[in-house]
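**Q** Have a look; sequence and predicted model below, questions after that.
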Amino acid sequence: MLRRLQYEGAARVVAPALATGLRAQRRLRSWRRPKKEPSEWFGPPLRATYRLKEVLTRHYLSGRYADGAVPVAWVTSGFPIELLRPFGYHVVYPENHAAMCGVQRKGVKLAQVAEVWGLSQDTCGYARCDIGSFLSGNTPAGRLPKPDILLACTNICQTVVHWYRTLAAILKVPVFVVDTPFLSGDPDERTETYVAEQLEECMQLCARIAGKKVDRKALGRVAQRSKEASELWGECLALSQAEPAPWTGFEQFLHLGPIVAMRGLPECNAYYRELRDELRERVKHGIGAIRHERFRLLWDNLPIWYELRSLSTLLAEVGFTIVTTTYSYGWAETAPLFDPRDPIVSAARVYARVFINRSLDFRLEMMKKLVNTYSCDGAILHSNHSCKPYSVGQIDLADRLAKEASIRTLLLDGDHIDMRVHSKEQAEGRLAAFMESFGGL
Amino acid sequence: MTIRIGIDVGSTTTKAVAVDDSGRVLARSIEPGDPRIAQQAQRMLEALLERVGGGGEASIVATGYGRKLVAMAGKKRTEISCHALGAFHVMNRPGVLIDVGGQDTKVIRLNSDGSVADFVMNDKCAAGTGRFLEVILARLGVSWDELADRYASADPPVQISSTCTVFAESEVISMLANGQPVDSVVKGLHIALSDRIVSMAGRLLMGVETVLLSGGVASNSAMVAALSSKVGKPVAVVPEPQFVGALGAALLG
Ligand code: SF4
């Protein structure tokens, strides 16, 4: 009971109070200090970024008190989270958490803990970072609640199977793995039934752990909200078809937080409505994310979290902007497939079709479509050292994309978390040379 | 006359070239890289300016790893753009330029107007660069001038399987310990380096007529021979191969 009060209190009282405090502090500061010169390269910052901080603070703050108050699940980013929402689970996304460590440049330190413990340096940076965080008790989130169940879905990669099994062994909690077969073509009915049956079984298990009954009506409502959230996210992305683009692909990576971690919750939709309205306003007034947009690029693969700022500046200084990314688009692509009337089967349909669970031909077509829709002049394919499923095949993709979409492409070596395998000098030199090859400098 | 100067601050040497309006080379200078990059660049540029006169007025463009530290440069450009321009200016034909420098190797495909169509560079390590040769030759106690003769000797080449500079070094040591002749090892080394470069260049070499070579390693005729046989056509060395980047930078001024 007390725990529940703490949990609710953190979400409903402390987090909003903290947000109000932060806002007041911001106002006070801007009132006291002389107005900052507008940036030479970037447009005015998005107001929604402050809201994003509030939303995520609330999520992580309440999380500190979640175990013992509500059932807790740790899940992979591509897991059909809708199944859990009606049971009131607090959901932790280790990948989001690792990304947060990455942005704060804490990833390597945590990864090293996992490496000393026995993981290879080639294991996914997210997995090493999270396992290291758990083993050392070190997290920028303050504290992560202990899970009652671990849920993994293989639609993003096979790494998650081993990662979650390792977590299950350390934490001594059950793990459920939903297997989504790799799609070399379009999924057939058998695949969908196979996945749907697993989802049904998983839902029953989660109900038992939560001590609740399955409520299919509530599940339908959640599916409806997820559908809307994906559509709203898609609208936000589509606004970057405008020239100049109102926000960059790197900003999209940061604003992905709620669509990944809060899908199915009303706050998620409210957040994206606000973001969409702000972006619309920017488009209406011709406000660009960067001041002098000359060339527009597509980004493939996860971000290099710890270099987002330096890369953005390097690009913006010479008038380049990332307008679309395959990763952020992935969260909008399957929106039409959600069907609130048949939430389980439609979830099977949506989640089996995650684009990294699909063939290179599919991915190439998707990239070509993005290049055309967003009027891209080039593409950067981040060859991500420790995310193999996203990176294998990129050499061919870069070649074929260059030829078939008549654009320039660049393979950029890096890693989403591990700064040790990213040669900053080389990568920046390569990027600079790529940009010079567009001419006009 | 406007004087244009290009300075290429590389990982092992710093090169500067001055050209006139028409792109004719007026003077060149080269020094081993000094860790105090900014001072060295300034000193070299001032000396070059004095040599070519021009009343101290010149447009200066910097390239290479240390380009950001050249305070006198009005523009800074990457080695890729500068090498492309420099090589095209001298050779005046499209094709593929392979530049084997001290710490990086670049393969650049040139359009028919000398602009960059595509490029690849070695990633993260020194395999396939001049440094690879340098380290292992030092181990063998063989000097640069002996390479051509040793490569031409009748001893059959050994196969060096490791492309990693550090591992290849120990591989070479064990070969010598097993009684392999030095000439065989030298040959094997050049073949291994060419293999590495050509596999990196990959698709860029497909269907090209002209393959050019620049960078410090181009002055080694054994390398030219090894690379030509690997590519399957004669590789043409750009005159003054070490200065191609600096020349391109000067032309951009
Ligand atoms: S390997 Fe790639 S897809 Fe899998 S969890 Fe890591 S980052 Fe995600």
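**A** Arrived safely. Numbering: from 1, shown residues only, chains lettered A, B, ... in the order given.
**Q** Quick one: neighbours of residue 158, just the number.
**A** By default, I'm working from chain A. 13 (other Cβ atoms under 10 Å in any protein chain shown). Where you see a C-beta, it was placed from the backbone N, CA and C, and this is true even at glycine.
**Q** think we crossed wires, I meant chain B
**A** Number of residues near B:Val158 (other Cβ under 10 Å) recorded here: 22.
**Q** For it, give me its contacts.
**A** B:Met175, B:Gln180, B:Ser184, B:Val185, B:Lys187, B:Gly188 (Cβ atoms under 8 Å, 6 or more residues apart in numbering or on different chains).
**Q** Grab the two from those residues that are most spread out in space.
**A** Greatest spatial distance among the contacts of B:Val158 (Cβ to Cβ): B:Met175 and B:Lys187, at 11.8 Å.
**Q** And the two? Which one has more around it.
**A** More neighbours surround B:Lys187 than the other of B:Met175 and B:Lys187, with 24 against 18 (other Cβ under 10 Å).
**Q** that older thread, closest one of the contacts of B:Val158 to B:Ile3?
**A** Nearest to B:Ile3 among these is B:Lys187, at 44.9 Å by Cβ to Cβ.
**Q** and that closest one, that's in a helix?
**A** Yes - the assignment for B:Lys187 by DSSP: H, G, I helix; E, B strand; the rest coil puts it in a helix.
**Q** ok, it to A:Gly211 distance?
**A** Separation of B:Lys187 from A:Gly211 (Cβ to Cβ, to the nearest Å) stands at 75 Å.
**Q** next one: A:Leu410
**A** From A:Leu410 to A:Gly211 the distance is 53 Å (Cβ to Cβ).
**Q** Neighbour count for the two, which is higher?
**A** Counted by other Cβ under 10 Å, A:Leu410 and A:Gly211 do not tie: A:Leu410 has more neighbours, with 22 against 8.
**Q** What's the first helix or strand after whichever helix or strand the more buried one is part of?
**A** Per DSSP states H and E: A:Leu410 is located in strand A:408-414. On the C-terminal side of strand A:408-414, the nearest following helix or strand under DSSP H and E is helix A:424-436.
**Q** which residues in the stretch 101-250 of chain B form helices?
**A** Using DSSP state H, counting those that start in this stretch, the helices of the stretch 101-250 of chain B run over B:130-140, B:147-152, B:165-177, B:182-201, B:221-231, B:244-251.
**Q** right, and A:Ala402 touches A:Thr409 too?
**A** Yes - using Cβ atoms under 8 Å, A:Ala402 is in contact with A:Thr409, at 4.4 Å.
**Q** Tell me which of the helices of the stretch 101-250 of chain B sits most buried.
**A** Highest mean neighbour count of those: helix B:244-251, a mean of 31 (counted as mean count of other Cβ atoms under 10 Å in any protein chain shown).
**Q** gap between it and the chain center?
**A** 13 Å (Cα atoms, centre = their mean, to the nearest Å).
**Q** One more: stretch B:100-115?
**A** From the chain centre to the centre of stretch B:100-115 is a distance of 9 Å (Cα atoms, centre = their mean).
**Q** low-confidence ranges in chain B?
**A** B:54-56, B:123-127, B:163, B:165 (pLDDT under 70).
**Q** Break it into its domains for me.
**A** B:3-76, B:94-239 (automatic domain parsing).
**Q** which one of the ones you listed lies closest to A:Gly125?
**A** Comparing the domains of chain B by Cβ to Cβ, domain B:94-239 comes nearest, at 16.1 Å.
**Q** Pull out the CA atoms of the helix or strand where A:Leu61 lies and give them to me as CSV.
**A** Assigned by DSSP H and E, A:Leu61 belongs to helix A:48-63. Taking C-alpha atoms only, helix A:48-63 is exported to CSV below (Å, rounded to 0.1, in the frame of the first residue of the first chain):
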residue,chain,number,x,y,z
ALA,A,48,8.6,20.2,-27.1
THR,A,49,12.1,19.2,-26.0
TYR,A,50,11.3,20.6,-22.5
ARG,A,51,8.1,18.7,-22.4
LEU,A,52,9.9,15.6,-23.5
LYS,A,53,12.2,16.0,-20.5
GLU,A,54,9.2,16.3,-18.2
VAL,A,55,7.5,13.3,-19.6
LEU,A,56,10.6,11.1,-19.4
THR,A,57,11.5,12.4,-15.9
ARG,A,58,8.0,11.4,-14.7
HIS,A,59,8.4,7.9,-16.3
TYR,A,60,11.8,7.2,-14.7
LEU,A,61,11.0,8.9,-11.4
SER,A,62,7.9,6.8,-10.8
GLY,A,63,9.9,3.8,-11.9
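**Q** A:Ala210 touches A:Gly88, doesn't it?
**A** Yes - checked against Cβ under 8 Å, the pair A:Ala210 and A:Gly88 is within contact range at 6.8 Å.
**Q** secondary structure class for the residue in the stretch 251-400 of chain A positioned nearest to chain B?
**A** Nearest residue of the stretch 251-400 of chain A to chain B (Cβ to the nearest Cβ) works out as A:Asp399 at 6.5 Å. At A:Asp399 the chain is in helix, as set by three-state DSSP.
**Q** which residue sits closest to it in space, ignoring its chain neighbours?
**A** When the adjacent residues along the chain are set aside, A:Asp399 lies closest to B:Arg203, with 6.5 Å between them (Cβ to Cβ, 6 or more residues apart in numbering or on different chains).
**Q** For the one you found, give its distance to A:Phe362.
**A** According to Cβ to Cβ, B:Arg203 stands 23 Å off from A:Phe362.
**Q** now swap in A:Pro71 and tell me
**A** Distance, A:Pro71 to A:Phe362, using Cβ to Cβ: 36 Å.
**Q** Please identify which of these two sits among more neighbours.
**A** Taking neighbours as other Cβ under 10 Å, A:Pro71 and A:Phe362 compare with A:Pro71 leading, 21 against 17.
**Q** The more buried one - nearest residue in space that isn't next to it in sequence?
**A** Counting by Cβ to Cβ, 6+ apart, the residue nearest A:Pro71 is A:Ala210, at 4.3 Å.
**Q** Please tell me how far that neighbour sits from A:Ala261.
**A** Distance, A:Ala210 to A:Ala261, using Cβ to Cβ: 19 Å.
**Q** Could you check which of those two is surrounded by more residues?
**A** A:Ala261 (22 against 19).
**Q** contacting residues around that one?
**A** Taking Cβ under 8 Å, 6+ apart, one finds A:His59, A:Val91, A:Tyr93, A:Asn96 in contact with A:Ala261.
**Q** In this model A:Ala402 seems to touch the residue nearest to A:Asp399, though I could be wrong.
**A** No - under the criterion of Cβ under 8 Å, B:Arg203 makes no contact with A:Ala402, lying 10.4 Å away.
**Q** Tell me which of those two has more neighbours.
**A** When neighbours are counted by other Cβ under 10 Å, B:Arg203 and A:Ala402 differ, and A:Ala402 comes out ahead with 17 against 12.
**Q** measure that one to A:Ser437 for me?
**A** Distance of A:Ala402 to A:Ser437, computed by Cβ to Cβ: 12 Å.
**Q** and the gap between A:Arg85 and B:Leu205?
**A** 55 Å.
**Q** Kindly format the C-alpha coordinates of stretch B:31-49 as CSV.
**A** Presented in CSV, the C-alpha positions along stretch B:31-49 are these (Å, rounded to 0.1, in the frame of the first residue of the first chain):
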residue,chain,number,x,y,z
GLU,B,31,59.2,18.2,-43.7
PRO,B,32,58.6,15.3,-41.3
GLY,B,33,55.5,16.1,-39.2
ASP,B,34,56.3,18.0,-36.0
PRO,B,35,53.9,17.4,-33.1
ARG,B,36,53.7,21.3,-32.8
ILE,B,37,51.5,21.4,-35.9
ALA,B,38,50.4,25.0,-35.8
GLN,B,39,54.0,26.4,-35.4
GLN,B,40,55.4,24.1,-38.1
ALA,B,41,52.7,25.0,-40.6
GLN,B,42,53.1,28.7,-39.9
ARG,B,43,56.9,28.5,-40.3
MET,B,44,56.7,26.5,-43.6
LEU,B,45,54.1,28.8,-45.1
GLU,B,46,56.1,31.9,-44.2
ALA,B,47,59.3,30.4,-45.7
LEU,B,48,57.4,29.4,-48.9
LEU,B,49,55.9,32.8,-49.2
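**Q** Perfect, I'm done here.
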